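Asker: sequence below, structure please.
(4 chains)
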Number of protein chains: 2
Amino acid sequence: MARHAQVHVSTASRALSDDAAGVSTETVQRVRELAAMLGYRRDVGAAGLRTGSSRLIGVLVPRLTDIVLATIYESIDVAAGAAGYSTVVANTLDDTDHRRSHLDAMLSRRIDGVIIGDSRIGDTAAYELQKLGVPYVLVMRKLEGHLSVTTDDFLGGRLAAEHLLGLGHRRVGVIAGDVLASTGIERTQGFRQAYEAAGYPIDDRYVVSSGFDTRGGLAAGVQLLNLAEPPTAIFAVNDFIALGAMGAVRDAGKRLREDVALVGYNDIDIAATLPVPLTSVRSALGDMGRLSVEALLLRMKGEAADPVLLPPVLVPRATTVGVVG
Amino acid sequence: MARHAQVHVSTASRALSDDAAGVSTETVQRVRELAAMLGYRRDVGAAGLRTGSSRLIGVLVPRLTDIVLATIYESIDVAAGAAGYSTVVANTLDDTDHRRSHLDAMLSRRIDGVIIGDSRIGDTAAYELQKLGVPYVLVMRKLEGHLSVTTDDFLGGRLAAEHLLGLGHRRVGVIAGDVLASTGIERTQGFRQAYEAAGYPIDDRYVVSSGFDTRGGLAAGVQLLNLAEPPTAIFAVNDFIALGAMGAVRDAGKRLREDVALVGYNDIDIAATLPVPLTSVRSALGDMGRLSVEALLLRMKGEAADPVLLPPVLVPRATTVGVVG
DNA sequence: GTTGTCTGTGCAATCGTTTGCAGATGCTCG
DNA sequence: CGAGCATCTGCAAACGATTGCACAGACAAC
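Answerer: As a prediction, the model looks like this:
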C-alpha cells in the first residue's frame, strides 16, 4: 500500500481526496508525487465499503446488438463517466429471468442507481427498485407511474401517418413491435389515431406485432403482404423491423415505394446509405441517454426530476418519396 | 446485516458459501432460509476486499454500436455469467486516451481479467496488463506476441478473392478499414495475395483505408468509383463499410452486381434482408466471445491457453451472384 | 505566563466479508 | 468411566479505504 511507502499513515487519504482540506499543501504534493511514482490506484471497492457508494450505475437494456440501445448506452456511459461514475450494462433479452438475475448481480455490487431501458407493461423491476429505495430512471420505454426520459412516440407515430396520408396512401399496414413495450404501443396508437381522424381507420388485420429485430420484421412483412388486399404502405415501429420488411417486399417481388412505401423509426445511421434509403422518424438517442443520467443523478441526490419527452422529426427518403428533399 | 438477525455470527458466511463444509446441514438450512426471507444479498465488493477477487471481467471494445463487437460482447457476457463473473464493458473509440482512462477505471475496481477487443498495432494496453500481471486475452484483433482468439482473417480475404475471381472480376477495389487493426490488414493481405497469385495484382490506388463504419465506407466507396477506371467489384473488410459502399454505388448511379459487385465481411443479420442482399464472409462471432472467455479463465487459473483461429465461410448473395444458391 | 484559537497530523473505529484457529460439545472406543 | 476424536460454532484478524475525534505545536491576545 502506497500510504506505508515513505510517509505517514492515512493522512494520505486526505491528501489524495479532491478537496484535501486540513492538510498542508506541502504534504499533499509529496503524497501525490509518491502515489504517482508507485502507480498507486485507490481501490474503489474498498472505498465504497466505507462510504456506502459504489460509484456504479447499472443499465438494463433488451439487447446491445440493437443499435438503438447501444447508442443510448454509449451516451449514458459518457455522461456517467463525466460525473465520475462507471456503468455496468446488462442484456435482459426482454426476458424476466435474465432481468432478475442481472438486477440481482447489480444489487449485490451495491449499485448507486439504475437506468432501465427495457421496461415492459407488467414489469416489476421498477417497483422493486422503488421498494428497495434504489434510485432509478426509465429511458426509451415508459411505464405508468415511473419517471422516464423518452421521445414522444405518440407524436412520432402521428408524423409517420401524416407523411403517408399526404402521399395518398389509404390502405396501410403497421408492424407494431412488442405488444408490451410502450414504444411500439404508442407509435402504433399515434399512427392509427391519425389515420382514423383522417377518415381511414386501420383494420386490426393490418396491424401485426413482432420482435424488434430484422427477423421479426421479415415475418410480419410477409404476413402483411400476403393479405388479400395488401397495404400500399407500411409503418414499421423501428428501423430493424423496417429492414426485415424490406426483405419481405423483395421476396414478394415488389418494388419499394412504387408498390410498397415504407417508414421506419429511429433513423439509425445505415438508414441513409441503404440501396434504397429509408424514410424514418428520427429520435435524439444521444440526448435521451444524457438526460436520463442527469435525471438519475438528481434522484440520487434526493432531488426531484421531471419526466422528459423529446420531440421526433420525420426524415423523408426514397422508400416513400421519389426525389429526396 | 442478515447474520445478526436471529442466528449466530459469521458461521453464516460458511453456511452461505458454496461447499458449506464444517457446518451442520440443519444450520445451513436455517441460515439460508432466513437469508432468503430477509432478502439478504452478499456484498460482492466487501467479499472481494477479503478474497482479493472482484469476480469482474473487463471488456475493451472500439464501439458497441458496431453490431459485430456488440455480438461478441453479448456472448462474452453470457459465458462469463455462466462462470460466475460479471463483465464491465468500455467503448474506447479506437482512441488512446479513452482506452487509458477506461482501463484505469477497471484496474481501480481490481478487475480479475481483461478481454481486449480493440487492439491496434503499436498499442500498449496489452503490454501494460502483462507488466501488471493482470490476465488478459485479445479477441477479434490480434497483436504479435499476445494470446488471441480471432477468425482466420487472412483466409477470409482469400475466400472473398476466390469468389470474385471465379465470377470473372479482374479489376477490383478494396476498402481496407483501419490501417492499424489486424482484421483490416489481414483480410486485405489475404485478398491481395490471392489476386496476385492469380496473376492480377491490385494497384495501391485501388486499396483505400477507412473507418469501420458506414460513413467511412461511403467516403471510400466514392473514392474508388471516382477512379478513371473504376473497379467492377469491391471487397469491404466489414459489412458496415459495405453498407456505406452501397450508398456510394447508388449515388454514382450504378447498379449493384451488374455494375459493381460487393463483398462484405462478418455476415451480420441484416446482410440477408437488405433490398439487395449482401454477399459476406461469415465469422463465428458468438464462438469467438465464448472461446475468449474460456481462454481468459484458464489464464486466470494460471494455466496456459492456446491461441484460437476460427475458419470463416463465404455466403454468396445478390451483390455478387444473380441467383442465390 | 496563562488561555485561546488555529493548523496539521495521527489514532482508531468502521464498512461487510472470509478464514485460520481455538473452544465446546457430543460421540466412540477401550 | 475417562481419553481421544470428530464435528460444529465462535473469535478475531485481516482486506483498503474514510472520517470523527483528539492531540501536538505554533502563535496571538490578554
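
Asker: tell me which residues in whatever helix or strand A:Val263 lives in are buried?
Answerer: Using DSSP states H and E, A:Val263 maps to strand A:261-266. Within strand A:261-266, the residues that qualify as buried are A:Ala261, A:Leu262, A:Val263, A:Gly264, A:Tyr265, A:Asn266, counting by 16 or more other C-beta atoms under 10 Å in any protein chain shown. No exception for glycine: its C-beta is placed from N, CA and C like everyone else's.

Asker: want to throw those into TSV with pLDDT and distance to B:Arg99?
Answerer: Rendered in TSV, the data for those read as follows (pLDDT from 0 to 100; distance: C-beta to C-beta, whole Å):
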residue	pLDDT	distance to B:Arg99
A:Ala261	98	44
A:Leu262	98	40
A:Val263	98	39
A:Gly264	98	34
A:Tyr265	98	34
A:Asn266	97	29
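
Asker: just the closest of these to chain B, please.
Answerer: Minimum separation from chain B among the buried residues of strand A:261-266 (C-beta to the nearest C-beta) is found for A:Leu262, which lies at 10.0 Å.

Asker: give the bridge partners for the closest one, please.
Answerer: A:Ile234 (DSSP bridges).

Asker: and the gap between the residue in the stretch 1-150 of chain A that DNA strand C sits nearest to and A:Val31?
Answerer: Nearest residue of the stretch 1-150 of chain A to DNA strand C: A:His8, at 2.4 Å (C-beta to the nearest atom of the strand). A:His8 is 8 Å from A:Val31, where distance means C-beta to C-beta, to the nearest Å.

Asker: looking at the two, which is more packed in?
Answerer: Using other C-beta atoms under 10 Å in any protein chain shown, the more surrounded residue of A:His8 and A:Val31 is A:Val31, with 25 against 12.

Asker: which SS state does the more buried one fall under?
Answerer: Three-state assignment for A:Val31 (DSSP: H, G, I helix; E, B strand; the rest coil): helix.

Asker: hmm, it is touching A:Val7, no?
Answerer: Yes - A:Val31 is within contact range of A:Val7, at 6.0 Å (criterion: C-beta atoms under 8 Å).

Asker: helices and strands around whichever strand or helix holds A:Leu224, which ones?
Answerer: Following DSSP H and E, one finds A:Leu224 within helix A:214-225. Contacts defined by 3 or more C-beta pairs under 8 Å, 6 or more residues apart in numbering or on different chains; DSSP states H and E place helix A:214-225 against strand A:172-175, strand A:207-208, strand A:233-236, helix A:239-251.

Asker: mind checking what secondary structure A:Arg42 has?
Answerer: Per three-state DSSP, the secondary structure class of A:Arg42 is coil.

Asker: just A:Val137 next, same as before
Answerer: Secondary structure state of A:Val137, per three-state DSSP, is strand.

Asker: what about it, how many residues close to it?
Answerer: A:Val137: 28 neighbours (other C-beta under 10 Å).

Asker: contact partners for A:Asp213?
Answerer: A:Asp66, A:Phe240, A:Ile241, A:Gly244, B:Asp269 (C-beta atoms under 8 Å, 6 or more residues apart in numbering or on different chains).

Asker: how far away is the closest residue to A:Arg110 other than its chain neighbours from A:Glu128?
Answerer: Closest residue in space to A:Arg110, ignoring its immediate chain neighbours: A:Ser54 at 4.6 Å, by C-beta to C-beta, 6 or more residues apart in numbering or on different chains. Taking C-beta to C-beta as the measure, A:Ser54 falls 18 Å from A:Glu128.

Asker: who has more neighbours out of these two?
Answerer: Each of A:Ser54 and A:Glu128 has its neighbours counted (other C-beta under 10 Å); A:Ser54 has more, 25 against 14.

Asker: per-residue confidence at that one?
Answerer: Confidence at A:Ser54, expressed as pLDDT, is 95.

Asker: kindly report the same for the one 3 residues further on.
Answerer: Here, the pLDDT recorded for A:Ile57 equals 98.

Asker: and the host helix or strand of it, what does it pack against?
Answerer: Using DSSP H and E, A:Ile57 falls within strand A:56-61. Applying 3+ C-beta pairs under 8 Å, 6+ apart, one finds that strand A:56-61 contacts helix A:67-82, strand A:86-91, helix A:96-108, strand A:113-116.

Asker: same question for the third one, mean pLDDT?
Answerer: Put plainly, it is helix A:96-108. Mean pLDDT, helix A:96-108: 95.

Asker: what's the angle between that helix and strand A:56-61?
Answerer: 170 degrees (axes from the mean of the first three to the mean of the last three C-alpha atoms, to 10 degrees).

Asker: tell me the secondary structure for the closest residue to A:Pro312 other than its chain neighbours?
Answerer: Once flanking residues are discounted, A:Pro312 sits nearest to A:Gly156: 4.0 Å by C-beta to C-beta, 6+ apart. Secondary structure, three-state DSSP: A:Gly156 is helix.

Asker: buried set for stretch A:106-124?
Answerer: Of the residues in stretch A:106-124, A:106-120, A:123 count as buried by neighbour count, 16+ other C-beta under 10 Å.

Asker: returning to what we had before: output the contacts of A:Asp213 as TSV; include the columns distance to DNA strand D, neighbour count and pLDDT.
Answerer: TSV is the format used below for the contacts of A:Asp213 (distance: C-beta to the nearest atom of the strand, whole Å; neighbours: other C-beta atoms under 10 Å in any protein chain shown; pLDDT from 0 to 100):
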residue	distance to DNA strand D	neighbour count	pLDDT
A:Asp66	37	23	93
A:Phe240	44	30	96
A:Ile241	48	30	97
A:Gly244	50	30	95
B:Asp269	44	16	90
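
Asker: of all those, which comes closest to DNA strand C?
Answerer: So of the contacts of A:Asp213, ranked by how close each gets to DNA strand C (C-beta to the nearest atom of the strand), first place is A:Asp66, at 34.4 Å.

Asker: so who does the residue lying closest to that closest one once chain neighbours are set aside touch?
Answerer: Spatial nearest neighbour of A:Asp66, chain neighbours left out: A:Phe212 (6.5 Å); criterion: C-beta to C-beta, 6+ apart. Each residue near A:Phe212 by C-beta under 8 Å, 6+ apart is listed here: A:Pro62, A:Asp66, A:Gly177, A:Asp178, A:Ala181, A:Gly184, A:Asn238, A:Phe240, A:Ile241.

Asker: isn't the first one right up against A:His98?
Answerer: Pointing back at A:Pro62 there. No - the criterion here is C-beta under 8 Å, and A:Pro62 misses it with A:His98 at 9.6 Å.

Asker: and these two? Which one has more around it.
Answerer: Taking other C-beta under 10 Å, A:Pro62 and A:His98 do not tie; A:Pro62 has more neighbours (26 against 18).

Asker: how close does the more buried one sit to A:Ile234?
Answerer: Per C-beta to C-beta, A:Pro62 is found 23 Å from A:Ile234.

Asker: how about A:Glu196?
Answerer: In this view, A:Glu196 and A:Ile234 are 18 Å apart by C-beta to C-beta.

Asker: looking at those two, which one has more neighbours?
Answerer: The neighbour count for A:Glu196 versus A:Ile234, taken as other C-beta under 10 Å, is higher for A:Ile234 (31 against 12).

Asker: and that one, how far from B:His8?
Answerer: 65 Å.

Asker: do A:Phe212 as well
Answerer: Separation of A:Phe212 from B:His8 (C-beta to C-beta) stands at 50 Å.

Asker: repeat for A:Ser10
Answerer: For A:Ser10, the distance to B:His8 equals 33 Å [C-beta to C-beta].

Asker: name the residues of the stretch 101-250 of chain A found near chain B, please.
Answerer: Counting by C-beta under 8 Å from any C-beta of the partner chain, the residues of the stretch 101-250 of chain A close to chain B are A:101, A:104-105, A:107-110, A:213-215, A:217-218, A:240, A:243-244, A:246-247, A:249-250.
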